[in-house]
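> Turn this into a model:
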Amino acid sequence: MKKEILDSVAYDLFTTLPLIHRNIRNKLIKNVITNFKEDIAPPHFEIMKLLEEAGMLHVAEIGERLLIARPQMTHLIDRLVELDIVDRETNEEDRRMLNIRLKDKGMTIIKERDKQVINATREALSGLTDDELRVLSASLNNIKEVFSKLE
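This next block holds a predicted model:
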């Protein structure tokens with residue numbers, strides 16, 4: 001029985017996440033990212049959001065968490081440094097490694113972006129009925145609760 005449930009849940013996740021991605025994230029990227037003055041691509045925002053949540057991380061760990069290759073990470077971090085969004089700092093435990101920290105300007109951009117994402121999400125969901133919104137909200141809360149147990 002457990003294998004059947006696991007198979008069903010795995011399939012549902014496999015098919016649901018791309019659906020969410022197509023219907024929400026792509027619209028948000030078009031609406032939100034194009035509104036910024038700086039030339040910031042989606043991977044830059046992903047790095048900034050990770051640093052906001054985790055604090056200071058070394059470049060390799062950022063790449064591992066976001067599944068970004070090391071050569072691409074160098075280019076992305078260079079751009080964020082150029083825009084004065086992050087700082088590079090030498091890792092005190094291993095001087096060969098560089099830690100990356102989000103600067104105040106980066107925090108401001110993330111907060112502004114988060115507001116825009118929430119507004120764009122609200123607009124994207126505005127066509128749903130109150131009942132559909134309640135069901136969606138309860139479902140998302142259940143998903144958060146379950147996935148927090150996997151961390």
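> Identify the residue nearest the geometric centre of this protein.
For the chain, the residue nearest the mean C-alpha position is Glu46 (4.5 Å; C-alpha atoms, centre = their mean).
> Now for this protein, the helix or strand with the poorest mean pLDDT.
Within the chain, no helix or strand scores below helix 26-32, which has a mean of 66 by mean pLDDT, DSSP states H and E.
> what stretches of this protein score poorly on pLDDT?
25-38 (pLDDT under 70).
> quick one: furthest residue from the center of it?
Relative to the chain centroid, the chain (C-alpha atoms, centre = their mean) has Met1 farthest, 34.5 Å.
> I'd like the distance between that residue and Ser8.
11 Å (C-beta to C-beta, to the nearest Å). For glycine as for every other residue, the C-beta is placed from the backbone atoms N, C-alpha and C.
> Which helix in the protein has the most residues?
helix 104-125 (DSSP state H).
> and that one, which residues are buried?
For helix 104-125, burial by neighbour count (16 or more other C-beta atoms under 10 Å) applies to Gly106, Ile109, Ile110, Arg113, Gln116, Val117, Ala120, Thr121.
> And the strands in the protein, which stretches?
57-58, 86-90, 98-102 (DSSP state E).
> Of all these, which one is nearest Leu80?
strand 86-90 (4.4 Å; C-beta to C-beta).
> helices or strands next to the closest one in the packing?
helix 42-54, helix 70-82, strand 98-102 (3 or more C-beta pairs under 8 Å, 6 or more residues apart in numbering; DSSP states H and E).
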